[in-house]
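1. Fold the following, please.
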Amino acid sequence: MTDRPDTQGFQTNNDDARLIEEIFADLGSAFAEHDAAKFDERFTADIVFTAVNGTRFFGWEKIHAYHSERLTGHAEGVNTWYEIERITFPTPDVAVVFFRQPIVVSEHKRANVGTWVLVKREGQWWISAVQNTGVAVTE
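-> From the prediction side, this is the model:
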């Protein structure tokens, strides 16, 4: 039997994890402010973004148009935030972030879970690939 490699355990300094946590805090603030430009600030030009409904967007312009419409037309009264469950570093310049995103609208609660890939270029972390999935909330 072949030994399987561990690809998510690369050790990096805590500064990278802190910087990534700050990006997610900024995403939460941008959503609360309905500011698509701020929300999309850290996405790469060639972002691949899969929304909760399975729609896939290729490129910053496409995802920014989507977020501009969603944040100005559908975000009123929505309270959401990001709870990072785990950040792994397969290489020093790649991070995979696993998170839960609770969403509260009036009395209705739901959540998304996400797996996002970030890349480090010239000392800055950028969001490169996004997979979001809606999950049932039982409470």
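
2. Do a quick rundown of the strands in the protein.
-> Using DSSP state E, the strands of the chain run over 43-50, 56-58, 78-80, 83-91, 94-105, 108-121, 124-135.

3. And the third one, what does it pack against?
-> Which is strand 78-80. On a contact count with 3 or more CB pairs under 8 Å, 6 or more residues apart in numbering; DSSP states H and E, strand 78-80 meets helix 14-32, strand 94-105. (C-beta placed from N, C-alpha, C; glycine too.)

4. hey, least reliable of these by pLDDT?
-> Ranked by mean pLDDT, those bottom out at strand 94-105, with a mean of 89.

5. Looking at the strands of the chain, which is nearest to residue 19?
-> Closest to residue 19 of the strands of the chain is strand 124-135 (CB to CB; 5.6 Å).

6. Now do that closest one against strand 108-121: the angle between them, please.
-> Note on geometry: by axes from the mean of the first three to the mean of the last three CA atoms, to 10 degrees, strand 124-135 and strand 108-121 are set 150 degrees apart in direction.
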